[in-house]
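S.K.: let me see the structure of the following:
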Amino acid sequence: MQILSKPIVLHPRELKDPKKYKLCEECDGIGWIADDEYTHIEHCRKCCGTGIIKICQYCGKETSFCDCEESKNERYHNHIHCDDHYYKTATIHSSDSEFAKNMPMFYSPYYPYNDGFFIEWEDLFDWYYNGLYDNLSVEKEKPEYVFATIPIQTYMDANDILDRISEDFSTCEDVEIKDHISTKTFNRLKYAMEDLRNEINNSCVYYEQDVNHIIRIPWGNNK
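M.R.: The predicted structure is shown next:
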């Protein structure tokens, strides 16, 4: 990428835990992909611009919700031991509350599809009653609640770009690229990033578990 004919070099992200994450092979861990003619760049859709892919620490599969036996055992163990904690600290909502009705996505550590995220209650019921959770006892292991979610939109503005470049000067102390470019150059970069954001139309959104809010499952007639 160049601004005023000056190259801006983006380097791969640094992996904090190689057992749980790896650099995205699609963008080489940078988070951005250039077109074939290198006329523009856009967020990597495989990693949503993060440059990092989550992997299973047990089998190495590219997923944040692995179905290998070790991962399922870990989720089950963590889930049944954290119930009391979340009931004491999180806000509990009923399924017919406005909060729950306006929730676009739910999360359950039990749900074995789509990394544990689902939209409709029927999806959860279908999985449960079809016996898709490793033959666990239906009555004993029926989950009581699911987590709310938080939408996360990945986007880098001019400041983010310059901060990433500053991080690359790791051998220098207190290097701030912002202090070494003119306001005119900064505004060029700012407007370029705004144009890019408008082009992708905020399409790269993902959801994260919200441990501060839990929602009771409306088993009702589905008991």
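S.K.: quick check: which ranges of this protein have low pLDDT?
M.R.: For the chain, the stretches flagged by pLDDT under 70 are 1-8, 36, 38, 75-87, 131-141, 153-158, 161, 164-178, 196-205, 221-223.
S.K.: what about the helices in it?
M.R.: 69-89, 98-101, 121-129, 138-141, 158-168, 183-200 (DSSP state H).
S.K.: on contacts alone, who are the packing partners of the last one?
M.R.: Other helices and strands packing on helix 183-200, by 3 or more CB pairs under 8 Å, 6 or more residues apart in numbering; DSSP states H and E, are strand 2-3, strand 41-43, helix 158-168. For the C-beta atoms, the positions are set from N, CA and C on the backbone; glycine is no exception.
S.K.: and it, what's buried?
M.R.: Neighbour-count burial for helix 183-200, counted by 16 or more other CB atoms under 10 Å, picks out Phe186, Arg188, Leu189, Lys190, Ala192, Met193, Leu196.
S.K.: including distance to Phe117, could the residues you listed go into JSON lines?
M.R.: Shown next, in JSON lines, are the buried residues of helix 183-200 (distance: CB to CB, whole Å):
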{"residue": "Phe186", "distance to Phe117": "38"}
{"residue": "Arg188", "distance to Phe117": "39"}
{"residue": "Leu189", "distance to Phe117": "35"}
{"residue": "Lys190", "distance to Phe117": "34"}
{"residue": "Ala192", "distance to Phe117": "33"}
{"residue": "Met193", "distance to Phe117": "29"}
{"residue": "Leu196", "distance to Phe117": "27"}
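S.K.: which among those residues gets closest to Ile55?
M.R.: Distance to Ile55 across those (CB to CB) is lowest for Leu196, with 28.6 Å.
S.K.: and Thr39, how many neighbours?
M.R.: When neighbours are defined as other CB atoms under 10 Å, Thr39 has 7 of them.
S.K.: ok, it to Asp67 distance?
M.R.: Distance of Thr39 to Asp67, given as CB to CB, to the nearest Å: 41 Å.
S.K.: go on, Asp126?
M.R.: For Asp126, the distance to Asp67 (CB to CB) stands at 17 Å.
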